[in-house]
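# Structure of the sequence below:
(chains A, B, C and D)
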Number of protein chains: 2
Amino acid sequence: MCNGIMNLSSPVGAQTSISESFHIGTLAARTGRSIHAIRWYEAQGLIPGVVRDNGRRRVYNELHLGWLDLIDRLRRTGMSIAQMREYAALVKQGHRTLRKRHKLLSAHRARVKEKITEWTQALKLVDRKIDFYGEWLTTGRRPAMLLPQNLRKRPQLRRRRKLR
Amino acid sequence: MCNGIMNLSSPVGAQTSISESFHIGTLAARTGRSIHAIRWYEAQGLIPGVVRDNGRRRVYNELHLGWLDLIDRLRRTGMSIAQMREYAALVKQGHRTLRKRHKLLSAHRARVKEKITEWTQALKLVDRKIDFYGEWLTTGRRPAMLLPQNLRKRPQLRRRRKLR
DNA sequence: CCTTGACCTAGAGTGCGCTCTAGCATGTGT
DNA sequence: ACACATGCTAGAGCGCACTCTAGGTCAAGG
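Residues are numbered from 1 along each chain as shown, chains lettered A, B, ... in the order given. Here you go, the predicted structure:
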């Protein structure tokens, strides 16, 4: 099967070696990503510790499953490829970047929390609209206007200026 | 100032007329969107009830402020332009589409709630990672592996197949 | 040996949601 | 009367995150 490529030097974290290893198709199947996407992630510098076998094929172990899961969750929570690359680069540099990694993730955490409150806020407005329609439907007459509640509570939230 | 364009036929909802009206620059300033974006939204069919003055300039009233706010929140909560166009089209067709609008918003609401739980889940993982680094930093030694928790709990979550 | 299938690289193409440019019209302030 | 701000349209361009294609290599099974 896989020829003598057990010296993977445990790339994505732990020292615990001697793990099952597999090729990109398996990884794709087990993570739900496409093969193309995985190769593209690697090209973007997002996947540390990928080694090759005799035939130059990529070899992964199950640490990569966890890593891809993390990557995926970071992506789905709005982290950009650039930021993930930064994080992956820190991981590659070893334990002396721990503090930076901690900081980077904490910053992301803060953004996620903010986003969740933003979505919760939006949910309230949508709920009001739904109720509004619901009432209109049951009573048959248009309910009182929903007030333009906290429009521009945070003034000029996202006004972008061109600077050059 | 604005020349005789008070017959706006109250586009975005209420029957209450006689409201302050203004041009695109003001709308942009007051909603935080760029002028370009607003025109683009209109071209996409997202803004009902825009009339023009003698000089063919777009004229808005404060109902558009509320509308743009709604649009913005829907966007920020992941509704696509296509879906918003659909919604706007329903609004344009008047009160007989109330049920459909109610349905559309309810569907969106469900998606938003799901997304919020997804983000909350992701937050947990990030938190664990942060703790992991924090402990590593304070103790000076790598903590026990975080287990690859609920990897593929929902099996084959997003596997896409090419179909043609 | 030869086929089959998984894998390889390099690079082109795609969909989304804007963003910006060019060139022109209008309307307000001095 | 004229400058200058603001507005107009049509359409090109962009950044992101993939996705797909073309054309080849490699290894295991029959």
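# quick check, distance from the strand or helix carrying residue A:82 to the centre of its chain.
If you go by DSSP states H and E, residue A:82 is part of helix A:81-92. Put simply, helix A:81-92 sits 12 Å off its chain's centre (C-alpha atoms, centre = their mean, to the nearest Å).
# do the following helix or strand past it and DNA strand C meet at all?
Remark: after helix A:81-92, the chain's next helix or strand is helix A:98-139, criterion DSSP H and E. No: judged by C-beta under 7 Å from any atom of the strand, helix A:98-139 stays clear of DNA strand C, getting no closer than 14.3 Å. Every C-beta, even on glycine, is put in place using the N, C-alpha and C of the backbone.
# Next, see if helix A:98-139 gets close to chain B.
Yes: counting by C-beta under 8 Å from any C-beta of the partner chain, chain B is contacted by helix A:98-139 at A:98-99, A:101-102, A:105-106, A:108-109, A:112-113, A:115-116, A:118-123, A:125-127, A:129-130, A:133-134, A:136-137.
# Can you report how many residues neighbour the residue of chain A found nearest DNA strand C?
For chain A, the residue closest to DNA strand C is residue A:25, as judged by C-beta to the nearest atom of the strand, at 2.3 Å. With neighbours defined by other C-beta atoms under 10 Å in any protein chain shown, the count for residue A:25 comes to 11.
# what does whatever helix or strand it lives in contact?
Secondary structure from DSSP H and E places residue A:25 in helix A:24-31. By C-beta atoms under 8 Å, 6 or more residues apart in numbering or on different chains, the residues outside helix A:24-31 that reach it are A:33-35, A:37-39, A:57-58, A:60, A:64-65, A:68-69, A:72, B:152, B:159.
# right, and out of these, which lies closest to residue B:52?
Among these, residue A:37 lies closest to residue B:52 (C-beta to C-beta), at 46.6 Å.
# For the helix holding residue A:25, which residues meet the burial criterion?
Neighbour-count burial for helix A:24-31, with 16 or more other C-beta atoms under 10 Å in any protein chain shown as criterion, is recorded at A:24, A:27, A:28, A:30, A:31.
# that older thread, which among the contacts of helix A:24-31 end up buried?
Of those, these count as buried by 16+ other C-beta under 10 Å: A:33, A:38, A:39, A:58, A:60, A:64, A:65, A:68, A:69, A:72.
# Which residue, neighbours along the chain excluded, lies closest to the fifth one?
In space, not counting the residues next to it along the chain, residue A:60 is nearest to residue A:27; the distance is 4.8 Å by C-beta to C-beta, 6 or more residues apart in numbering or on different chains.
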